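Participant: Here you go, sequence then predicted model.
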Number of protein chains: 2
Amino acid sequence: MSWSKDEKDGPRGYHHGNLKEALLRAALELIAQKGPAGFTFAEAARWAGVSPAAPYRHFRDRDDLLANVALRGFEQFEIALARAWDNGRPDAFTALERMGKSYLAFARAEPAYYSAMFESGIPPGSTPELRAAGDRAFAVLREAAEKLCAQMPRHGRPPALMVALHIWAISHGIASLFGRGDAAHRTLPMSAEELLEAGVLVYLRGLGVPAEGAQPA
Amino acid sequence: MSWSKDEKDGPRGYHHGNLKEALLRAALELIAQKGPAGFTFAEAARWAGVSPAAPYRHFRDRDDLLANVALRGFEQFEIALARAWDNGRPDAFTALERMGKSYLAFARAEPAYYSAMFESGIPPGSTPELRAAGDRAFAVLREAAEKLCAQMPRHGRPPALMVALHIWAISHGIASLFGRGDAAHRTLPMSAEELLEAGVLVYLRGLGVPAEGAQPA
DNA sequence: GGCTTAATGTAAAAGCCATTTACATGAGCT
DNA sequence: AGCTCATGTAAATGGCTTTTACATTAAGCC
């Protein structure tokens, strides 16, 4: 019945039907266009075809919506990293490099998620779920570090947590400073991917890691 | 000469006397309290005791003020880094470690500047002055990398620019992710300073740098 | 000292946002 | 059919940003 017909996805009646989802998608799109700062609650509502007050039925406030976008971002991020890591196949070293590329690829392909996650001003611990999702994503990196460290000689073996933090830091640093080609970032004499790969390579050599199957010199 | 008396610093009459400066200081204070996102033009004006429209005589808009804060931040940052570098004394290695500590100390001591510089959404190239100031700050790091590389055996000597970028990235990554102890960041099993120092140490070992006066093994 | 001018503030208004409250609609269950 | 709760709407409040017309004053010039 409804009033006219049934337009693919537009709001059908008094009730939207899937507003929460629509708002999350709208927010993602708006953040992609104007950054987390430029994103407005009202515009997301407009985008979803509802009144400015409607979103409050699904999110406590603007920050809550932002935090949910970040949450979803961490989930996607974890998936992407885990897929790249692929359980350390064929070997930890190769898989780690692959994960590094995946890290930057995510930041580039999903700038809205990435900025919601790291540059929106939403504290990581603003909600337990958010923190947990962030931790799960980091856990992938940490697992990689564990596996990498495990195959080092027991002697000077570094703490895997520290290694994971270092790699996270340099990855995030590169993504954040040079992440995308847009005007919002600095330009580089090389690609971010090359820069990260080289950095991790040097770092791992510093740990004595490639003493695995490759030649140390 | 003045109008009524001379009260230390309060606005004396119709004209403020030093509004631009007052606004910059107010912005810095407000950003420190509520982050770059929470900072408002109107509140800065209130803080300076002028009407909401007054700031427009000194800054094109809110972003312009933010950019000027960032500009000032880069200048301070350059000074801090240069002081720590101290021309590479007593040796490049020691001086670099000192600069790393200085980097984090700045981020911690001047979170408002740091976030205006890197986390405010103001693009680095939004104005030529801003870009130049950023470049000057980076130049200090780059000089350090040059000096460090210069003392390496000519053979496998890495590009100094790349080294500078790597160190910048890991420094920024750590500052940005774990920078301050506040709720806005993640907590660590060690201090950010220790983490950075260890990371740079490993990285430099990977480059073969400490083959200077120390023992390579 | 007067006059002129440009710099610096103010007042008021338009338009957007976030958020709240009271009310409306309708989906699902009995 | 009747109830009830989830989900929307309308309208209002209070801030913020930015613009425009106007007020005040600092400074230079005679």
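Facilitator: Everything's here; your move. Residues are numbered from 1 along each chain as shown, chains lettered A, B, ... in the order given.
Participant: can you list the domains in chain A?
Facilitator: A:18-59, A:77-207 (automatic domain parsing).
Participant: Now tabulate those in TSV and tack on distance to DNA strand D.
Facilitator: (C-beta placed from N, C-alpha, C; glycine too.) TSV is the format used below for the domains of chain A (distance: least, C-beta to the nearest atom of the strand, whole Å):
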stretch	distance to DNA strand D
domain A:18-59	3
domain A:77-207	15
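Participant: Reformat the ones you listed as CSV; add distance to B:Arg154 and mean neighbour count.
Facilitator: What follows is these, written out as CSV (distance: least, C-beta to C-beta, whole Å; neighbours: other C-beta atoms under 10 Å in any protein chain shown):
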stretch, distance to B:Arg154, mean neighbour count
domain A:18-59, 45, 17
domain A:77-207, 18, 19
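Participant: Quick one: closest of these to DNA strand C.
Facilitator: The closest approach between DNA strand C and any of the domains of chain A, judged by C-beta to the nearest atom of the strand, belongs to domain A:18-59 at 3.1 Å.
Participant: follow-up on the earlier one: mean pLDDT and distance to chain B for the domains of chain A - can I get that in JSON lines?
Facilitator: Formatted as JSON lines, the entries for the domains of chain A read as follows, by pLDDT from 0 to 100; distance: least, C-beta to the nearest C-beta, whole Å:
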{"stretch": "domain A:18-59", "mean pLDDT": "96", "distance to chain B": "5"}
{"stretch": "domain A:77-207", "mean pLDDT": "95", "distance to chain B": "3"}
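Participant: of all the ones you listed, which lies closest to B:Arg180?
Facilitator: B:Arg180 lies closest, by C-beta to C-beta, to one member of these: domain A:77-207, at 11.2 Å.
Participant: Up against DNA strand C, what does chain A have?
Facilitator: A:13-15, A:40-43, A:52-53, A:56, A:61-63 (C-beta under 7 Å from any atom of the strand).
Participant: at 10 Å instead, please
Facilitator: Residues of chain A lying close to DNA strand C by C-beta under 10 Å from any atom of the strand are A:1-3, A:12-15, A:17, A:30, A:38-46, A:51-57, A:59-66.
Participant: Can you tell me which of the residues you listed end up in strands?
Facilitator: Within the residues of chain A next to DNA strand C, no residue falls in strands by DSSP state E.
Participant: Looking at those, which are in helices?
Facilitator: Judged by DSSP state H, the residues of chain A next to DNA strand C include A:30, A:38, A:41-46, A:62-66 as members of helices.
Participant: For chain A, which segments count as helices?
Facilitator: Secondary structure of chain A (DSSP H): helices located at A:19-38, A:41-48, A:62-85, A:92-109, A:111-118, A:128-150, A:160-178, A:192-207.
Participant: rewinding a little: which one of the ones in helices among the residues of chain A next to DNA strand C is nearest to B:Leu24?
Facilitator: For those, with B:Leu24 as the reference and C-beta to C-beta as the criterion, the closest is A:Gly38, at 23.4 Å.
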